[in-house]
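Asker: Show me the folded form of this:
(one chain, ligands or ions: 2)
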Amino acid sequence: ARHLPLPPLQPGDWLGLLGGGQLGRMFCMAAQSLGFRVCVLDPGADSPAGAVADRHLCAGYEDPQALAELGRLCRAVTTEFENVPASALDLLAAGMVVSPAGASVAVAQDRIVEKAFVRDCGTPVAPYAEIRSAADLRAADPGLFPGILKAARLGYDGKGQARVADVHEALAAFDRFGGVPCVLERRLDLAMEVSVVVARGFDGLQLAYPVSENVHRDGILALSTVPARVSQDVAWRATDAALKIAQAMDYVGVLCVEFFVLSDGSLVVNEMAPRPHNSGHYSIDACVSSQFEQQARVMAGLPLGSVRQLAPAVMINLLGDIWFEDAQARTPREPDWAAVLRHPQAKLHLYGKTEARRGRKMGHVTVLGDSLDEAMSVAIQIERQLG
Ligand code: ADP
Ligand code: MG
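Answerer: Numbering: from 1, shown residues only. Ligands and ions are numbered 1, 2, ... in the order given. Here you go, the predicted structure:
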């Protein structure tokens, strides 16, 4: 049975959040703006979300005492990170509204389950094989090479992945991963990557944000351009597939579906995230309601807000690399934010992380424009200024 947040939560009520990263931080801010209080459960002492939450339970995700306290305080709980144990969500679901459901998170948590699920929804995925042993690799279709071996669980930002030219490299990578279950995917020739963020309420009503065009560098999102520069037909098919997937999961909350666009215009689902997504950060500044506001609305049993985009947007991720003068630099220094903010269309978001490391997501800038071309030209200037 579904626990509907009825009657809707009221200002002053508590929302619970598992995970203390930047997604949680932006969720806290949106929820607080609607008048709610947020309690964050995260084991890190100085987490980005813990720093702005009304309360921070500094404990592990499966800590029984912390989960009990969360249950006492909150009528609704969510997660900002898909590697939270689905069992912790199931445990909490006995006493309160949990979105997304443990079952939805479990699908997105495991690439093997996820790929089979997406395929069963009628949307193609890259040709792949399930790899549970070295024998599976030796028996794999040679047509999957050159490929990418991806650990089935716990990967993010390109971690837990290896590009493999042939079966020998694949065997070596499988060994390096410690023989954990993997998928071997064929490496596709990508014309573009896009994503669709969907917000879906307990009542089954769902809305899709405009399609986002994403550029990755070294497996990490670098730039999102919205709306994506694709044909109406591609945009419609991506949106339709994302909504179908959300519906098939009976999903509650915010879900992102990432796609590859191939050179013939066909679409392939790459993966999904059972939470707000980096490629949807532009919605904070460019849409009527942000993806984080939707997450809070869903949890509180409130109607969804409008996903309408008010201005073309380019989002630039700020990785820790720009804190370092050059490739040799040992000690970080603060980038020149004044130079960024000199562009009046640029909105700066820093996540309050105390230590800058290369490859670490430290913040983002959203550039709004009268046109996408204008937003892009300012974004390019900012990227150059930040080095
Ligand atoms: P993560 O969970 O780290 O985001 P992804 O599976 O999304 O992992 O892979 C990260 C990036 O690597 C993708 O956004 C894409 O740029 C590239 N990539 C992944 N799989 C493929 C593939 N089968 N063919 C070509 N590029 C790929
Ligand atoms: Mg990805």
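Asker: hey, let's count contacts and neighbours off CA atoms from now on
Answerer: Noted.
Asker: per-domain residue ranges of this protein.
Answerer: Residue ranges for the structural domains of the chain, counted by automatic domain parsing, are given in the record as 14-108, 127-186, 190-386.
Asker: Show me the one of those domains that comes nearest ligand 1.
Answerer: With C-alpha to the nearest ligand atom as the criterion, ligand 1 lies closest to domain 127-186 of these, at 3.2 Å.
Asker: Quick one: distance of that closest one to the chain centre.
Answerer: 23 Å (C-alpha atoms, centre = their mean, to the nearest Å).
Asker: Ends of it, what's the gap?
Answerer: Taking C-alpha to C-alpha, to the nearest Å as the measure, domain 127-186 stretches 6 Å from start to finish.
Asker: coming back round to it: next, format the domains of the chain as TSV and append distance to ligand 1, mean pLDDT and mean neighbour count.
Answerer: Rendered in TSV, the data for the domains of the chain read as follows (distance: least, C-alpha to the nearest ligand atom, whole Å; pLDDT from 0 to 100; neighbours: other C-alpha atoms under 10 Å):
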stretch	distance to ligand 1	mean pLDDT	mean neighbour count
domain 14-108	10	93	21
domain 127-186	3	93	18
domain 190-386	4	97	20
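Asker: Quick one: closest of those to Val118.
Answerer: Nearest to Val118 among those is domain 190-386; the distance by C-alpha to C-alpha comes to 6.9 Å.
Asker: In the stretch 101-250 of the chain, what residue spans correspond to strands?
Answerer: Using DSSP state E, counting those that start in this stretch, the strands of the stretch 101-250 of the chain run over 128-131, 147-151, 161-164, 182-186, 190-200, 206-208, 212-217, 220-226.
Asker: What sits closest to Pro276 if chain neighbours are left out?
Answerer: Distances taken as C-alpha to C-alpha, 6 or more residues apart in numbering put Val254 closest to Pro276, at 5.5 Å, once the chain neighbours are dropped.
Asker: With Arg55 instead?
Answerer: Counting by C-alpha to C-alpha, 6+ apart, Cys39 is the residue found nearest to Arg55 once chain neighbours are left out, at 4.7 Å.
Asker: Name the helix or strand for the one you found, please.
Answerer: strand 37-41 (DSSP states H and E).
Asker: Which helix or strand lies directly C-terminal to that strand?
Answerer: Helices and strands here follow DSSP H and E; after strand 37-41, the next one along the chain is strand 55-57.
Asker: residue contacts, Arg308?
Answerer: Applying C-alpha atoms under 8 Å, 6 or more residues apart in numbering, we find Arg308 in contact with Tyr209, Pro210, Cys287, Val288, Ser289.
Asker: Touching, His364 and Leu350? I think so.
Answerer: Yes - the criterion here is C-alpha atoms under 8 Å, and His364 meets it with Leu350 at 6.6 Å.
Asker: And the helices in the chain?
Answerer: Listed in chain order, the helices found in the chain under DSSP state H are 22-33, 64-73, 86-93, 102-109, 111-120, 134-138, 167-176, 232-248, 283-286, 291-300, 337-341, 372-386.
Asker: possible to save those as TSV with distance to Cys58?
Answerer: Putting the helices of the chain into TSV (distance: least, C-alpha to C-alpha, whole Å) gives the following:
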stretch	distance to Cys58
helix 22-33	14
helix 64-73	8
helix 86-93	16
helix 102-109	22
helix 111-120	30
helix 134-138	40
helix 167-176	33
helix 232-248	32
helix 283-286	28
helix 291-300	22
helix 337-341	31
helix 372-386	34
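Asker: Identify the residue nearest the spatially most central residue of the chain in space, chain neighbours excluded?
Answerer: Computing the C-alpha centroid of the chain and ranking residues by C-alpha atoms, centre = their mean puts His277 first, at 2.9 Å. Residue nearest to His277 in three dimensions, not counting chain neighbours: Cys256, with 6.1 Å by C-alpha to C-alpha, 6+ apart.
Asker: and the one you found, what does it touch?
Answerer: Contacts of Cys256 were listed using C-alpha under 8 Å, 6+ apart, and they are Ser195, Val196, Val197, Val198, Ala242, Met272, Ala273, Pro274, Arg275, Pro276, His277.
Asker: Show me what the first one is bridged to.
Answerer: Looking back up the chat, that one is Ser195. Going by DSSP bridges, Ser195 is paired in beta bridges with Ser212, Glu258.
Asker: from memory it sits against Val215, does it?
Answerer: No - using C-alpha under 8 Å, Ser195 is not in contact with Val215; the gap is 10.8 Å.
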